[in-house]
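A.B. asks: sequence below, structure please.
(chains A and B)
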Amino acid sequence: MKRIKECLMLIILSSVCALLYNTLSPEGIALVGEWDTSKGVVSAVAKNDPVVHGLEIDSVQTAKEIYDSGQAVFVDARSQEAFDGGHIRGAVSLPVYSFEDKIEQFYKAYPPSTYIITYCSGRECQDSHELAQLLIQIGYTHVRVYIDGFPVWQKNGFPVVKSSTEKGE
Amino acid sequence: MESISKVIWIERLLRWFLGITFIYASIHKIIDPAEFAKIIYGYGLFPHFAINMIAIILPFVELVTGLFLLFGIYPKAAATIIGVLLVTFILAVTINLLRGYEFDCGCFSFNKNDTLSGRYFLLVRDIIFLMICLYLLRFKVKRHEENK
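C.D. replies: Numbers count the residues shown, from 1 in each chain, chains lettered A, B, ... in the order given. Here you go, the predicted model:
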């Protein structure tokens, strides 16, 4: 009985510290996150969260219509290795983790007025949102996120480049 | 008397080791709770409404119990909680290994390139930690003897 009381005391102390820290920390997260993929990209809803549902294109058909219109540049947020393994035909690689190294070249090729659609590997991947936020921060005004990513695009038989050595299919 | 002193030192060293391990394990989770929440989601075992609360509270349970073990405050209660956590980790890892689920344990760092052998290693490691915990729970030398 004494042990149970001590355990409870420890858990209550930990919980109070945790909730207090979470409230005060700039890295804090909401008490309930958004983990339902049917509602968009999953997120812990942090105070500095990159996921902005308002930017999301949640239908592969809508993304394909924009692609066919030729108005937008599709930008792949995944690693160079993943891009080389297969990507949307005509997409440009700008890995979110190499952003600082590659953005200068990208900026020269695509001015801030360019309509940009970012994507990664699906609704459990936040890289496309992180890339969108980085692009918005440096002045891009027309950025959206295609949230189903490369796997669903490929599954629908839409134009892809299967590897960096192939031209397309 | 000499053997009692030796046993006390073994208990003390194990307690310090487990305490420091859990304090260390809690730090990166406290610094980046959003990333830890994604790791918990990746296990695919917990209800969505509970994921954030686990990500917020669990690292502090590890930190506080680790500190209590390190400083010898309610060591049995701290060892009990750590034991329960370890049994939960072992079950979660085993279930995901059995169903061939790819996941990142998120134990000491957020490593997206966790390998299968790495997951077996963490299972063995958690079992060793659990054995240390059981030893601490069975430890019976009275505190006043420790001060002699």
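
A.B. asks: packing partners for the top helix by length along chain B?
C.D. replies: Ranked by residue count and defined by DSSP state H, the top helix of chain B is helix B:2-31. Judged by 3 or more CB pairs under 8 Å, 6 or more residues apart in numbering or on different chains; DSSP states H and E, helix B:2-31 is in contact with helix B:48-71, helix B:75-98, helix B:116-138, helix B:143-146. No exception for glycine: its C-beta is placed from N, CA and C like everyone else's.

A.B. asks: make TSV out of the ones you listed and add mean neighbour count and distance to chain A.
C.D. replies: Putting these into TSV (neighbours: other CB atoms under 10 Å in any protein chain shown; distance: least, CB to the nearest CB, whole Å) gives the following:
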stretch	mean neighbour count	distance to chain A
helix B:48-71	21	4
helix B:75-98	18	3
helix B:116-138	15	9
helix B:143-146	11	14
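
A.B. asks: out of the ones you listed, which is closest to residue A:82?
C.D. replies: helix B:116-138 (20.4 Å; CB to CB).

A.B. asks: redo the helices and strands packed on helix B:2-31 as a markdown table? Include mean pLDDT.
C.D. replies: Output for the helices and strands packed on helix B:2-31, formatted as a markdown table (pLDDT from 0 to 100):
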| stretch | mean pLDDT |
| --- | --- |
| helix B:48-71 | 97 |
| helix B:75-98 | 94 |
| helix B:116-138 | 88 |
| helix B:143-146 | 50 |
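
A.B. asks: wait, which of these is closest to residue A:99?
C.D. replies: Among the helices and strands packed on helix B:2-31, the nearest to residue A:99 by CB to CB is helix B:48-71 (26.0 Å).

A.B. asks: quick one, the closest one and helix B:2-31 angle?
C.D. replies: Helix B:48-71 and helix B:2-31 are oriented at 140 degrees to each other (axes from the mean of the first three to the mean of the last three CA atoms, to 10 degrees).

A.B. asks: helix B:48-71 to helix B:75-98, inter-axis angle?
C.D. replies: On the basis of the same axes, to 10 degrees, helix B:48-71 is oriented at 140 degrees to helix B:75-98.

A.B. asks: mind giving me the packing neighbours of helix B:48-71?
C.D. replies: helix A:2-24, helix B:2-31, helix B:33-43, helix B:75-98.

A.B. asks: ranking those by burial, who's on top?
C.D. replies: Between the helices and strands packed on helix B:48-71, helix B:33-43 has the highest mean count of neighbours, a mean of 22, where neighbours are mean count of other CB atoms under 10 Å in any protein chain shown.

A.B. asks: what's next to that helix, contact-wise?
C.D. replies: The contact list for helix B:33-43, computed with CB atoms under 8 Å, 6 or more residues apart in numbering or on different chains, reads A:22, A:25, A:27-29, A:33, A:35, A:42-44, A:46, A:49, A:124, B:28-29, B:46, B:48, B:51-52, B:54-56, B:58-59, B:92, B:96, B:101, B:103-106, B:110.

A.B. asks: before we move on, the earlier item: got a markdown table for the helices and strands packed on helix B:2-31, with distance to residue B:42 too?
C.D. replies: Listed next are the helices and strands packed on helix B:2-31 as a markdown table, based on distance: least, CB to CB, whole Å:
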| stretch | distance to residue B:42 |
| --- | --- |
| helix B:48-71 | 10 |
| helix B:75-98 | 9 |
| helix B:116-138 | 12 |
| helix B:143-146 | 42 |
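
A.B. asks: and the end-to-end length of stretch A:55-65?
C.D. replies: 16 Å (CA to CA, to the nearest Å).

A.B. asks: can you list the buried residues in it?
C.D. replies: A:55-58, A:60, A:63-64 (16 or more other CB atoms under 10 Å in any protein chain shown).

A.B. asks: tell me where chain A has helices.
C.D. replies: Applying DSSP H to chain A gives helices spanning A:2-24, A:60-69, A:80-84, A:99-109, A:127-137, A:149-155.

A.B. asks: tell me how far the third one lies from the chain's centre.
C.D. replies: With CA atoms, centre = their mean, to the nearest Å as the basis, helix A:80-84 stands 16 Å off its chain's centre.

A.B. asks: show me what counts as buried in it.
C.D. replies: So for helix A:80-84, counting by 16+ other CB under 10 Å, buried means A:82-83.

A.B. asks: what about that helix and chain B, touching?
C.D. replies: No: with CB under 8 Å from any CB of the partner chain as the criterion, chain B is not reached by helix A:80-84; the gap is at least 11.6 Å.
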